[in-house]
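# compute the structure for the input listed below.
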Amino acid sequence: MKIIHVAGTKGKGSTCTFSESILRHCGFRTGLFTSPHLIDVRERFRLDGVDISEEKFLEYFWWSFNRLKEKANDDIPMPTYFRFLALLAFKIFAGEKVDVAILEVGLGGKFDATNVVQAPVVCGISSLGYDHMEILGYTLGAIAGEKAGIFKHGVPAFTVPQPDEAMRVLEEKASQLDVPLQTVPPVDANLLNGLKLGLEGEHQYVNAGLAVALCSTWLQRTGHLDITHPENTTSLPEQFIKGLTATVSLQGRAQIVPDHNINNESAGDLTFYLDGAHSPESMEICARWFSLSTKENSQEKTLDSSRSHDFVQRHTDVEAKKNSQILLFNCMSVRDPQLLLPNLMKTCASHGVYFKKALFVPNTSVYHKVGSHSLPPTDPQVDLSWQFSLQRVWENLMGNKGGDDRIPDTLPEELRDDVEMAVKNCENSAVFSSLPSAIKWLRDSVRHNQSARFQVLVTGSLHLVGDVLRLVKK
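Next up, the predicted model:
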């Protein structure tokens, strides 16, 4: 199996997605294994850019499960959840005879289940930062050492510009294994023939640059010399441009989803901006994307109205709508909200974006049967102590806003009413006992106010993002 193996803290999923798209546009049959899934476990296994069908998934699942079960005993138990999924990926890709398998590391690198691969064609390390420190270590050097665990003797590897401490460790590990390690620059937007990358956000040019290097090397090392290789930085092959700019699916990363449940003509607008950022660095990137996207979205709505035959009336309607940025947030208790929330707030403020209200909710994710889009029933006894802690951090941050007169001292009318469904409602935030109740409040608020336009940033947890997607897309 001809494998591309990618580890990293941020951007490894995007890098894998770009790589799959590039090689598919080069004419190859592709297999892509990523994690986590947001709605359905089949999202982790893509064949030629599409989630594996339910029929095929069940066939491969039971074949693998039954054979492992037959051999399992006290000395050799059944594999754990992620190890089983990694084994299943190898079975699927072998059975489907893919030309290339692109594997995203689940956690770390050295001890990850995907690292059973002994001879990948090429390896990649995306941007490194602080995450899963309780497992990987509390310094960038320690984290880099774990990620570099996917390096194999003599196999070329690529990375992106890294902090000095991380880069030193990567270079040291590469030297020990005679790995030719190269640092690649971001893709130059001028090389894309005026097109935009298939994934949103300025940071994606970094991931795209890594994907270009990985795919070019994969083509060279597998003997596909008929495809032009981007040996210089002044041009890209047509297949690479198509692969980078095609509409690719990576749910929950810089994803914009209008709520089509709001279809009343007298209602306002409700749009969800979803990004599973959960580290300090990715929170800044998320905040920058949200700030720029909300402004673009508002401008596009005004532009669309100007093209209408009843321009005057529609232009007045659009201008009358009041944009309100809302934060819908949760994160795991192992993460430090004192690092996440200030980064988010400060970066948005630097772009002139200020949240009118922050909503804190527990995750509702549970394991679902294949194909199920249902949500588990709300637990009336759910522990909200962590959400109250997040709310205190937020209220303290808002209390320290100083005398900046650009931040409104009063909430918009549609947000001023008492939030009846909230367990605890403060001036700048509210805790809800469940995600469905928070979504219901948002929908009710815009249904009853034609001038409201809610732009809701959902972040802090990929599990939360998946739960919102499941609710909004029902």
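# helices or strands up against the helix or strand harbouring L87?
Assigned by DSSP states H and E, L87 belongs to helix 81-95. Under the contact criterion of 3 or more C-beta pairs under 8 Å, 6 or more residues apart in numbering; DSSP states H and E, helix 81-95 touches strand 30-33, strand 45-47, helix 54-71, strand 100-104. All C-beta atoms are positioned from the backbone trio N, CA, C, and that covers glycine.
# the first one pairs with which strands, parallel or anti?
For strand 30-33, the paired strands and their directions (DSSP bridges) read strand 45-47 (antiparallel), strand 100-104 (parallel).
# out of the ones you listed, which one sits most buried?
Most buried of the strands paired with strand 30-33, by mean neighbour count (mean count of other C-beta atoms under 10 Å): strand 100-104, with a mean of 26.
# how far off centre is it?
18 Å (C-alpha atoms, centre = their mean, to the nearest Å).
# please apply the same query to stretch 158-171.
With C-alpha atoms, centre = their mean as the basis, stretch 158-171 stands 23 Å off its chain's centre.
# okay, and for the stretch 301-450 of the chain, where does confidence drop off?
Under the criterion pLDDT under 70, the flagged ranges of the stretch 301-450 of the chain are 301-321, 365-380, 400-421.
# show me where it has its helices.
With DSSP state H, counting those that start in this stretch as the criterion, the stretch 301-450 of the chain has helices at 311-320, 337-350, 385-399, 413-416, 435-447.
# before we move on, the earlier item: could I get the helices and strands packed on helix 81-95 in a markdown table, plus columns for distance to T9?
Shown next, in a markdown table, are the helices and strands packed on helix 81-95 (distance: least, C-beta to C-beta, whole Å):
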| stretch | distance to T9 |
| --- | --- |
| strand 30-33 | 18 |
| strand 45-47 | 22 |
| helix 54-71 | 29 |
| strand 100-104 | 12 |
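# and of those, who's closest to R335?
Minimum separation from R335 across the helices and strands packed on helix 81-95 (C-beta to C-beta) falls at strand 100-104, 20.9 Å.
# give me the angle between that closest one and helix 81-95.
Computed with axes from the mean of the first three to the mean of the last three C-alpha atoms, to 10 degrees, the direction of strand 100-104 lies at 170 degrees from that of helix 81-95.
# I'd like the next helix or strand past strand 100-104.
strand 122-125.
# what's next to the helix or strand just after that next one, contact-wise?
Following strand 122-125 in sequence order, the next helix or strand is helix 133-136 (DSSP H and E). For helix 133-136, contacts defined as C-beta atoms under 8 Å, 6 or more residues apart in numbering pick out L107, G108, A142, I143, E146, V334.
# list the buried residues for stretch 198-215?
By neighbour count with 16 or more other C-beta atoms under 10 Å, stretch 198-215 contains the buried residues 198-201, 203-215.
# wait, is P161 part of a strand?
No - P161 sits outside any strand when classified using DSSP: H, G, I helix; E, B strand; the rest coil, being coil.
# what's the neighbour count on it?
12 (other C-beta atoms under 10 Å).
# any idea how far L214 is from it?
P161 sits 16 Å away from L214, going by C-beta to C-beta, to the nearest Å.
# likewise L390?
38 Å.
# F90 now?
F90 is 19 Å from L214, by C-beta to C-beta.
# picking that back up, now do the buried residues in the helix holding L87.
Applying 16+ other C-beta under 10 Å to helix 81-95 flags F82, F84, L85, A86, L87, L88, A89, F90, K91, I92, F93 as buried.
# the residues you listed into a markdown table, with extra columns for pLDDT and distance to N66?
A markdown table is the format used below for these (pLDDT from 0 to 100; distance: C-beta to C-beta, whole Å):
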| residue | pLDDT | distance to N66 |
| --- | --- | --- |
| F82 | 95 | 20 |
| F84 | 97 | 12 |
| L85 | 98 | 16 |
| A86 | 98 | 18 |
| L87 | 97 | 13 |
| L88 | 98 | 12 |
| A89 | 98 | 17 |
| F90 | 98 | 16 |
| K91 | 98 | 12 |
| I92 | 98 | 15 |
| F93 | 98 | 19 |
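# same list (those) but as JSON lines, adding distance to Q255.
Shown next, in JSON lines, are those (distance: C-beta to C-beta, whole Å):
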{"residue": "F82", "distance to Q255": "24"}
{"residue": "F84", "distance to Q255": "28"}
{"residue": "L85", "distance to Q255": "23"}
{"residue": "A86", "distance to Q255": "26"}
{"residue": "L87", "distance to Q255": "30"}
{"residue": "L88", "distance to Q255": "26"}
{"residue": "A89", "distance to Q255": "24"}
{"residue": "F90", "distance to Q255": "29"}
{"residue": "K91", "distance to Q255": "30"}
{"residue": "I92", "distance to Q255": "25"}
{"residue": "F93", "distance to Q255": "26"}
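# let me know the pLDDT of E172.
Per-residue pLDDT puts E172 at 98.
# sticking with it, tell me its helix or strand.
Going by DSSP H and E, E172 is part of helix 164-176.
# in terms of secondary structure, what does that helix contact?
Under the contact criterion of 3+ C-beta pairs under 8 Å, 6+ apart, helix 164-176 touches helix 140-147, strand 157-159, strand 181-183.
# for it, the distance to its chain's centre please.
Counting by C-alpha atoms, centre = their mean, helix 164-176 is centred 27 Å from the centre of its parent chain.
# list the buried residues in that helix.
Neighbour count says helix 164-176 has A166, M167, V169, L170, E171, K173, A174 buried, by 16+ other C-beta under 10 Å.
# show me the contact partners of the helix holding L87.
Residues contacting helix 81-95 (C-beta under 8 Å, 6+ apart): 1, 31, 33, 35, 41, 44-45, 47, 52, 56-57, 60-61, 63-65, 68, 78-79, 101, 103, 106-107, 113-114, 116.
# who are the contact partners of the closest residue in space to L327 that isn't next to it in sequence?
Leaving aside its sequence neighbours, L327 sits nearest to A358 (C-beta to C-beta, 6 or more residues apart in numbering; 4.2 Å). By C-beta under 8 Å, 6+ apart, the contact set of A358 is I326, L327, F329, Q391, W394, N428, S429, A430.
# re earlier: tilt between the helix holding E172 and helix 140-147?
Going by the same axes, to 10 degrees, helix 164-176 makes 40 degrees with helix 140-147.
# send the alpha carbons of helix 164-176 over as CSV?
Coordinates of each C-alpha in helix 164-176 appear next as CSV, following Å, rounded to 0.1, in the frame of the first residue of the first chain:
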residue,chain,number,x,y,z
ASP,A,164,12.5,27.1,16.9
GLU,A,165,12.2,24.7,19.8
ALA,A,166,9.9,22.4,17.8
MET,A,167,12.0,22.6,14.6
ARG,A,168,15.3,21.7,16.4
VAL,A,169,13.7,18.5,17.7
LEU,A,170,12.3,17.6,14.3
GLU,A,171,15.7,18.1,12.6
GLU,A,172,17.4,16.1,15.3
LYS,A,173,15.0,13.1,15.0
ALA,A,174,15.3,13.3,11.2
SER,A,175,19.1,13.2,11.3
GLN,A,176,19.0,10.1,13.6
